[in-house]
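Undergrad: A structural model of the following input is requested.
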Amino acid sequence: MRFALVILCTLALPNGAVAGDIVSGPVAVSVVNVIDGDSFVADALVWPGMRLRYTVRVKGIDTPETRRPGCKAEKVAGMAATRRAETLLRSGPVTLQNVEADKYFGRVLADVRIDGSKDMATTMIDERYALPYRGGKRIDWCDGGGVAAQVIDRIVVGATER
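TA: This is a model prediction of the structure:
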């Protein structure tokens, strides 16, 4: 009994993961809630009858913020990115690949696939809702010049007052 409890606790807590551990997947998930253009809450079936709920951060992209945006244009663009992410994530079965622990407690980083083949990050970048992100300092959407202006939904980020 104690052994089973230790295994369950290890699976349920991100601290049980060793830095550098990657689950190659695919891991089928059910989308519970879309937080913003690059993160969502998902339930993953890890064992029969056992689901874990985690926040998933989409690897390889950064989208404008909807919570604590730096300016009005960022919020508007962030809401557009969130709507597009919601449409993508609700359009077919969602799987995660190359899942790893994130630097924030309770969150994972993963490559996200829709319908088994469509890469969410590539789609968001190609449709100009996101910019590539490989870690480090993120872009200032309100003063990012031409790079930030690439992410539009009938607006140019940074073109309005703060």
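Undergrad: Could you list the buried residues of the longest helix seen in the chain?
TA: The longest helix of the chain (DSSP state H) is helix 72-89. Neighbour counts over helix 72-89 (16 or more other Cβ atoms under 10 Å) mark 73-82, 84-86, 88-89 as buried. C-beta: built from backbone N, CA, C; applies to glycine.
Undergrad: now it, how far from the chain's geometric center?
TA: Centroid separation for helix 72-89 versus its chain: 12 Å, with Cα atoms, centre = their mean, to the nearest Å.
Undergrad: Beyond it, next helix or strand please.
TA: strand 94-101 (DSSP states H and E).
Undergrad: Buried residues in the very next helix or strand once past that following strand, which are they?
TA: Using DSSP H and E, the helix or strand that follows strand 94-101 in sequence is strand 107-114. Within strand 107-114, the residues scored as buried using 16+ other Cβ under 10 Å are V108, L109, A110, D111, V112, R113, I114.
Undergrad: what about strand 107-114, average pLDDT?
TA: Regarding strand 107-114, the rounded mean pLDDT is 94.
Undergrad: Can we start the residue count at 34 from this point?
TA: Renumbered: residue one is now 34, and that last one reads strand 140-147.
Undergrad: strands paired with it, and their directions?
TA: Sheet pairing for strand 140-147, assigned by DSSP bridges, gives strand 83-91 (parallel), strand 127-134 (antiparallel), strand 151-152 (antiparallel).
Undergrad: Good, we can wrap up now.
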